[in-house]
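S.K.: give me a 3D structure for the following:
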Amino acid sequence: MSLEDLRKNVISQCAKRKWPIACAFIYLVLALILTWPIIASPFSQVPIGTEPTASVPLYNVWATWWNADRLAGGLFGYWDAPIFHPTQGSFALMEPQPTTMVVAPIVWLTGSRILAYNVYVWICLVLNGVFAQRLAKIYGMGRWSALWAGAAMVLLPMVHWQLGIFQLASLWGILWTWSSIEQLCREPSQRRGVELGIAAALSFVSCMHHGLFLAILLVGAAPILWRQWIKFHELPHWGLAVVVALVITVPFVYQVNQVTEVHAIDWETDLVSDLSAKVSDYFHSPGHELINFGDEEQRYLFLSSGWLKYLLALAGICYGLKRIQTRRWASFLLAIAVLAFLLSLGPNLKLGSFQPWWWLTENALGFSRVRSVFRFAFFVQIPLIIFAALGLTGIHQLCRERIEHSKLKNALRWALPLLAITALADGFPRQTGNAEITDVNKHQEWLEYVEENTLEGEGILCLPVAPGPRVWQYLVTSEWMYLGTFHKVPIFNGYSSHFPQHYRHLRNQILSGFPTESILQQFHRSKVKFIVVRAKKGSPPRNIKLGDFWLKRVCIDELVEVYELGKSSP
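M.R.: Numbers count the residues shown, from 1 in each chain. Below is the predicted model of the structure:
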């Protein structure tokens, strides 16, 4: 095929898909507006949602770089990330997010980890809209209702409230999984089974948190489909979906489980309770509410997407359960939403003196790993948007069938779009925070020195370490991780969901008093070559000798001084 034929083919295909392309463009515009002013400074700023600092976003910038780096290296050493030196398999202590490899070419071509991160955030928001629209179409809704569902999914307040933890914005895999389930119910085939397996697997690896919750909820809602709509002779196709999903996800689950079994700690019961929802949390949205109850108390959890959406969703549930054509998927989504709501309450759900959550953590696989229980609310809000879109469809259909007066029909023709727009505005996300990332150009001297003078197998320690367990206290650590993407030398420091035992032990010693001979001995044994310390240019060297071990300043620039750690000959 010549270039001219290729050009004509592309134009022809775009002409046939004008509506989906236009909708995707709308979602992109919404994503850029909602993350403003990132588009004005995409190389130096990142969105942080309501996070107090850029600690988590910077970790995700680092993870985006590491995925791109390992893809370029043929995935060798994927789990042995250059943090928590000398821990092996350290990447399994956190969300690996291999789907960020889609923006690896941006890292390779521009060198900007921040731009790649921002593009991935925009891609996820757009895909949320695209797959919500696709799901609505598969469920039989018209193009305008489907567009509304896509726009509402891009605008979902809970996503933007939690946008600083950007893996939580990956809802598209969940939506793709649900649409694949519906298609497999309608047309059982090997192709549909493979698609479902891939969709479920991508949902898991893009965000293991969502993937675990999705698996739990699918198991809980499966009887709804099995009881009435899945035939025995169709089971091989469903089995194929399970096999495909396991082939993709088991390597990740196995590695994460192996490492966390060694290093993970049990979550405190009070922490899990604090991070569980209350029923009242579903009355308040993190966005701009058109309807509220005048409660000005500042709440930690905001799990509503807007009262108008609730009302439309209620209409959609009634409409969906009433019609034979929609009863299957409406029952399925309703089961998921109800189960997710109950699970989101965690220990706050009590049946007398019995708390189902603690029983589940002891007897059901996966529950003991869950800390932020309230995030089950994502699986309440996603079906709610789909039901709200169906509610708009039902209201429109009802008006067409029941109202005959022409003037009233004309009035409703204008009233329904107004209702749809108002429902989108209810809970419209507030302006998210953004953070300016440290300028790497100010660190070039010491970055180059460390890179050129550290041998393979050696690492560095960066001071200060995080002074406490709070997210904002790990900002300095996340900055060291980001700078580490340029010198690529393993660092002792790190930020993740779980921390290696040796890191926790040594960090506590450093906070108690640094340096000591014992600390230097342990780092020397771990092959730490340099200790990097924040300092002002022109400050005198702080060389020191403790027993057989010594620190000697070997490099200094505007912000950092580098000390070599050595041991005296006997």
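S.K.: quick one, phi psi at residue 551?
M.R.: Dihedral angles of residue 551 (phi, psi; degrees, to the nearest 10) stand at phi -120, psi 130.
S.K.: what about it, how many residues close to it?
M.R.: Residue 551: 20 surrounding residues under other C-beta atoms under 10 Å. The way it works is simple: take the backbone N, C-alpha and C, and place the C-beta from them, glycine included.
S.K.: wait, isn't it in contact with residue 523?
M.R.: No - if you go by C-beta atoms under 8 Å, residue 551 and residue 523 don't touch, sitting 10.2 Å apart.
S.K.: so what sits against both of these two?
M.R.: Jointly contacting residue 551 and residue 523 under the rule C-beta atoms under 8 Å, 6 or more residues apart in numbering are 531, 565.
S.K.: ok, how many other residues are close to residue 73?
M.R.: Residue 73: 10 neighbours (other C-beta under 10 Å).
S.K.: could you report the pLDDT at it?
M.R.: Model confidence at residue 73, given as pLDDT, is 93.
S.K.: any low-confidence regions in the stretch 201-350 of the chain?
M.R.: Within the stretch 201-350 of the chain, the stretches with pLDDT under 70 are 226-230, 293-300.
S.K.: show me where it has helices.
M.R.: Along the stretch 201-350 of the chain, counting by DSSP state H, counting those that start in this stretch, helices occupy 208-228, 235-263, 269-274, 307-322, 324-344.
S.K.: can you redo those helices as TSV with distance to residue 119 and mean neighbour count?
M.R.: Listed next are those as TSV, based on distance: least, C-beta to C-beta, whole Å; neighbours: other C-beta atoms under 10 Å:
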stretch	distance to residue 119	mean neighbour count
helix 208-228	21	17
helix 235-263	23	16
helix 269-274	34	14
helix 307-322	29	20
helix 324-344	30	20
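S.K.: so which of the ones you listed comes closest to residue 488?
M.R.: helix 235-263 (21.7 Å; C-beta to C-beta).
S.K.: can you list the helices of the stretch 201-350 of the chain in TSV and add distance to residue 27?
M.R.: Shown next, in TSV, are the helices of the stretch 201-350 of the chain (distance: least, C-beta to C-beta, whole Å):
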stretch	distance to residue 27
helix 208-228	20
helix 235-263	27
helix 269-274	34
helix 307-322	18
helix 324-344	22
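S.K.: hang on, isn't residue 258 packed against residue 79?
M.R.: No - using C-beta under 8 Å as the test, residue 258 is too far from residue 79 to be in contact (9.4 Å).
S.K.: so what sits against both of those two?
M.R.: Contacts common to residue 258 and residue 79, judged by C-beta under 8 Å, 6+ apart, are 89, 92.
S.K.: quick one, strands of the chain?
M.R.: Using DSSP state E, the strands found in the chain span residues 45-49, 433-436, 459-463, 528-534, 544-546, 549-556, 560-567.
S.K.: where does pLDDT dip in the chain?
M.R.: For the chain, the ranges with pLDDT under 70 are 1-16, 226-230, 293-300, 403-409, 537, 570.
S.K.: next, name the residue at the spatial heart of it.
M.R.: By C-alpha atoms, centre = their mean, the mean C-alpha position of the chain lies nearest to residue 167, the distance being 1.3 Å.
S.K.: how does the protein divide into domains?
M.R.: Domain ranges of the chain: 22-53+112-425, 436-567, per automatic domain parsing.
S.K.: rewinding a little: what's the closest non-adjacent residue to the residue nearest to the centre of the chain?
M.R.: Using C-beta to C-beta, 6 or more residues apart in numbering and skipping residues adjacent in sequence, the residue nearest residue 167 is residue 207, 4.2 Å away.
S.K.: so how far is residue 396 from that neighbour?
M.R.: For residue 207, the distance to residue 396 (C-beta to C-beta, to the nearest Å) stands at 34 Å.
S.K.: does residue 48 touch residue 162 like I think?
M.R.: No - look at residue 48 against residue 162 with C-beta under 8 Å: they stay out of range, at 10.5 Å.
S.K.: for the residue nearest to the centre of the chain, give me its contacts.
M.R.: Per C-beta under 8 Å, 6+ apart, neighbours of residue 167: 60, 95, 97, 206-207, 209-210.
S.K.: which among those gets closest to residue 363?
M.R.: residue 209 (21.1 Å).
S.K.: show the contacting residues for that closest one.
M.R.: Contacts of residue 209 by C-beta under 8 Å, 6+ apart are 95, 167-168, 372, 375.
S.K.: what's opposite residue 532 in the beta bridge?
M.R.: Applying DSSP bridges to residue 532 gives these bridge partners: residue 462, residue 562.
S.K.: how about it, what does it touch?
M.R.: 446, 450, 460-463, 480, 560-563.
S.K.: which of these sits closest to residue 381?
M.R.: For those, the nearest to residue 381 is residue 480 (35.6 Å; C-beta to C-beta).
S.K.: give me the neighbour count for that closest one.
M.R.: 28.
S.K.: how much space between the nearest residue to it once chain neighbours are set aside and residue 560?
M.R.: Distances taken as C-beta to C-beta, 6+ apart put residue 462 closest to residue 480, at 4.1 Å, once the chain neighbours are dropped. Counting by C-beta to C-beta, the gap from residue 462 to residue 560 is 9 Å.
S.K.: please apply the same query to residue 78.
M.R.: 29 Å.
S.K.: check residue 245 too.
M.R.: Residue 245 is 46 Å from residue 560, by C-beta to C-beta.
S.K.: could you do residue 209 as well?
M.R.: 35 Å.
S.K.: likewise for residue 393?
M.R.: When residue 393 is compared with residue 560 (using C-beta to C-beta), they lie 60 Å apart.
S.K.: is residue 279 in contact with residue 344, as I believe?
M.R.: No - between residue 279 and residue 344 there is no contact under C-beta under 8 Å: 9.8 Å.
S.K.: for residue 175, what are its contacts?
M.R.: Contacts of residue 175 (C-beta under 8 Å, 6+ apart): 128, 131-132, 134-135, 153, 382.
S.K.: wait, residue 181
M.R.: By C-beta under 8 Å, 6+ apart, the neighbours of residue 181 are 196, 225, 332.
S.K.: for residue 535, state which of those residues is nearest.
M.R.: Proximity of the contacts of residue 181 to residue 535 (C-beta to C-beta) peaks at residue 196, which lies at 55.7 Å.
S.K.: pretty sure the closest one sits against residue 179.
M.R.: No - Residue 196 is beyond contact range of residue 179, at 9.3 Å (criterion: C-beta under 8 Å).
S.K.: who has more neighbours out of the two?
M.R.: Neighbours were counted for residue 196 and for residue 179 using other C-beta under 10 Å; residue 196 has more, 26 against 22.
S.K.: how much space separates the more buried one from residue 254?
M.R.: On the measure of C-beta to C-beta, residue 196 and residue 254 end up 22 Å apart.
S.K.: do residue 431 as well
M.R.: The value you get for residue 431 to residue 254, if C-beta to C-beta is used, is 42 Å.
S.K.: now residue 543
M.R.: From residue 543 to residue 254 the distance is 47 Å (C-beta to C-beta).
S.K.: now swap in residue 147 and tell me
M.R.: Where residue 254 is concerned, residue 147 sits at a distance of 41 Å (C-beta to C-beta).
S.K.: same question for residue 160.
M.R.: Where residue 254 is concerned, residue 160 sits at a distance of 34 Å (C-beta to C-beta).
S.K.: what of residue 306?
M.R.: Taking C-beta to C-beta, one finds residue 306 at 41 Å from residue 254.
S.K.: then residue 517?
M.R.: Applying C-beta to C-beta to residue 517 and residue 254 gives a distance of 41 Å.
S.K.: can you check residue 138 too?
M.R.: Distance, residue 138 to residue 254, by C-beta to C-beta: 33 Å.
S.K.: sorry, back to before: which pair in the contacts of residue 175 spans the largest distance?
M.R.: Spatial extent of the contacts of residue 175 (C-beta to C-beta) is set by the pair 134 and 382 at 13.6 Å.
S.K.: the two: who's more crowded?
M.R.: residue 382 (26 against 18).
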